[in-house]
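# Give me a 3D structure for the following:
(chains A and B)
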Amino acid sequence: MKVLQVIDQAFRTTVEEQDDTILWLTQSMRGAGGELTVLLGGHGVYYGLQTQTQPALQLGDWQQSAPADLPRDLTQLLESGVPVYVILDDVTERGLSPQALRPGVQGIRRDELAALYDSVDQVWQW
Amino acid sequence: MDHRILTFAFMEPPFESERTVTFFRLLDAALAQGAGVRVFAYEGAVALAFARQAPHGNAVHGRDAEQEAHPLSKDWIAALQAKAAEKGLTFEWINCGLCVDERGVNEVIDGCGRGGPPDLWRYAATAFNTLTIGTR
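Numbers count the residues shown, from 1 in each chain, chains lettered A, B, ... in the order given. Okay, the predicted model is just below:
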């Protein structure tokens, strides 16, 4: 079975969970043998360009020591064989450059999405 | 009995969003149509099965706890478990264990288990289809 994980929100609980919960879920299921593809759309496209870790939170004397490292997580996904697509139209609409996509991340136009959706058995929109 | 199974992955906590009620309505409708149900509760949704949920009175309504009969999601799960059993349908519920630990909601009602993402993959791989409902 092939599943497409569609992530169109960015930075949802990344401070508390120290990761993106759907990227984490995808990594975990990939480890269990899942055949998965990730599609980043909406604000989620930023993950495809991001190079920095999240800033560590400090509240009073409490200091976060292991903030989210989304570039690392995306790299691990790619290295595990999970294709990662970014919707190019959503990149340009946000004033971002498609040329800044991280190596290994594939751009895809909106008019190409139907074929991507058809290539999998289930589409999970998060 | 041969019947179709639907898998649901849900992330919303109780008492926060109408998405939670809609999710439970979908489960009820699936059972009503003869479909078995498997749920993977992720993030805040693990609190839906928390056994120590307690009803309370409501002074604004002028009602005590018994009169108010406040809805509890653990009771909705139990009701759906009973409905599935009456109809001879599957009803399974697994909470993401790490999500349970970080929230301290380890005590869950009978029939709800603890697991992880591989269980969601197992559920989905053997289901007729899967519906994911994330937080917004």
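# Can you get me a residue count around residue 70?
In the absence of a named chain, this looks at chain A. Applying other C-beta atoms under 10 Å in any protein chain shown, we find 21 residues neighbouring residue A:70. Heads up, the C-betas are built off the backbone N, CA and C, glycines and all.
# Wait, chain B was what I had in mind.
In terms of burial, residue B:70 registers 14 neighbours under the definition other C-beta under 10 Å.
# For the spatially most central residue of chain B, give me its contacts.
The residue at the geometric middle of chain B, judged as the C-alpha nearest the mean C-alpha position with C-alpha atoms, centre = their mean, is residue B:77 (5.2 Å). By C-beta atoms under 8 Å, 6 or more residues apart in numbering or on different chains, the contact set of residue B:77 is B:48, B:49, B:93, B:109, B:111, B:112.
# Angles on the backbone of residue 61, please.
Just so you know, I chose chain A. Backbone geometry at residue A:61, expressed as degrees, to the nearest 10, gives phi -90, psi 0.
# could you measure the residue nearest to the centre of chain B against residue A:53, distance?
38 Å (C-beta to C-beta, to the nearest Å).
# which stretches of chain B form helices?
Using DSSP state H, the helices of chain B run over B:18-32, B:65-68, B:73-87, B:97-103, B:117-125.
# Mind listing residues that contact the shortest one?
The contact list for helix B:65-68 (C-beta under 8 Å, 6+ apart) reads B:55, B:56, B:57, B:58, B:61.
# from what I can see the second one touches residue B:70, true?
Yes. With contacts counted by C-beta atoms under 8 Å, residue B:56 reaches residue B:70, the gap being 5.9 Å.
# Quick check: residues of chain A near chain B?
Counting by C-beta under 8 Å from any C-beta of the partner chain, the residues of chain A close to chain B are A:1, A:3, A:9, A:12-13, A:21-22, A:25, A:28-29, A:31-34, A:122, A:124-126.
# The same query, at a cut-off of 7 Å, please.
Taking C-beta under 7 Å from any C-beta of the partner chain as the measure of proximity, chain A contacts chain B at A:1, A:3, A:12, A:21, A:25, A:28-29, A:32, A:34, A:122, A:124-126.
# can you put the helices of chain B in CSV and add mean pLDDT?
What follows is those, written out as CSV (pLDDT from 0 to 100):
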stretch, mean pLDDT
helix B:18-32, 97
helix B:65-68, 96
helix B:73-87, 98
helix B:97-103, 97
helix B:117-125, 97
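# Mean neighbour count, these: which tops it?
Among these, judged by mean count of other C-beta atoms under 10 Å in any protein chain shown, the one packed with the most neighbours on average is helix B:117-125 (a mean of 21).
# how near is the residue nearest to the centre of chain B to residue B:51?
Relative to residue B:51, and taking C-beta to C-beta, residue B:77 is found at 10 Å.
# Give me the common contacts of those two.
Residues touching both residue B:77 and residue B:51 (C-beta atoms under 7 Å, 6 or more residues apart in numbering or on different chains): residue B:109.
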